[in-house]
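Student: show me the folded form of this:
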Amino acid sequence: MTSRRDRLLEEMGLGPVWRQRASPAVAPDAPTSAPSQNPISIHALLPPSVPPTADADRGARIMTFDWPALKEAVAGCEACALAKTRTNTVFGVGDENAEWLLVGEAPGAEEDARGEPFVGQAGRLLDNMLGAIGLRRGDNVYIANVLKCRPPGNRNPEPVEVAQCAPHLERQIDLIRPKLLIAMGRFAAQTLLGTDASIASLRGRLHKYRGVPLIVTYHPAYLLRSLPDKAKAWEDLVFARATMRELGGRLRI
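Tutor: From the prediction side, this is the model:
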């Protein structure tokens, strides 16, 4: 009889291949990379029109917010030009006491329209990926993006946009206090780790963001375009599950 996990893996496009790839490439106790001292604070890249002291004051203020104040701040944010082109801000969704925190890049068109991260085809794939390791959206899982507004045309976020939005994500991480961070995609990984290294070099190792264990994997939207890398993403999920088990987190399978 086909199990629920087998069905989810079939929907991921893996089929029976997961049985041959179920062991992570690197054990959970692999050496960690050195954490960046200030991984997502890149205020030096702000334009001269934004005084560094004013930006620092804004960031420090955001770091004092509770959940309602933070949500209000994001909803009304006009700190960068994306405020003029967005339909909705996309704050994040899920369990605010989650052990798992998944971080992507930025909202796409559907996310911008609905105000929720990872909807549409990429969202369905993410839900299947979570289901394959016994997780589901909103249950011990929180999902957010580096940027809370959609860049026009889904272009790459600009440094000034990241700098202005970074305190929002940083405060979310502080409020949630997850046991494990999953950085999905090159941009999220490079932003959180303060590096320009490739996904290939960052996968399969346990990193840390301000003391929180962090694992890098591919973005679901990328996996929709690159089917061979779905098997690698499954390896990352198995590695994440094993790591969470080592951390004493709650697991169903």
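Student: can we go C-alpha only for contacts and neighbour counts from here?
Tutor: Noted.
Student: tell me which residue is most central in this structure.
Tutor: Taking CA atoms, centre = their mean, the centroid of the chain lies closest to V103, which sits 0.9 Å from it.
Student: so where is the stretch 101-250 of the chain shaky, pLDDT-wise?
Tutor: The stretch 101-250 of the chain contains no residues with pLDDT under 70.
Student: so where do the strands sit in it?
Tutor: Listed in chain order, the strands found in the stretch 101-250 of the chain under DSSP state E, counting those that start in this stretch are 141-145, 180-184, 207-209, 212-217.
Student: other residues contacting the last one?
Tutor: Spelled out, it's strand 212-217. Residues lying outside strand 212-217 but in contact with it, judged by CA atoms under 8 Å, 6 or more residues apart in numbering, are 178-185, 189, 199, 202-208, 233, 236, 240.
Student: now that strand: buried residues?
Tutor: Neighbour counts over strand 212-217 (16 or more other CA atoms under 10 Å) mark 213-217 as buried.
Student: walk me through which strands that strand pairs with, and which way each runs.
Tutor: strand 180-184 (parallel), strand 207-209 (antiparallel) (DSSP bridges).
Student: distance to L130 for the buried residues of strand 212-217 - can I get that in TSV?
Tutor: Formatted as TSV, the entries for these read as follows, by distance: CA to CA, whole Å:
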residue	distance to L130
P213	18
L214	16
I215	14
V216	15
T217	13
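Student: what two of the residues you listed are the furthest from one another?
Tutor: Of all pairs drawn from the buried residues of strand 212-217, the one with the largest separation by CA to CA is P213 and T217; the distance is 13.5 Å.
Student: quick one on the thing from earlier: would you agree the residue nearest to the centre of the chain is in contact with L147?
Tutor: No - counting by CA atoms under 8 Å, V103 does not reach L147; the two are 9.8 Å apart.
Student: on the three-state scheme, K71 is what?
Tutor: Under DSSP: H, G, I helix; E, B strand; the rest coil, the three-state class of K71 is helix.
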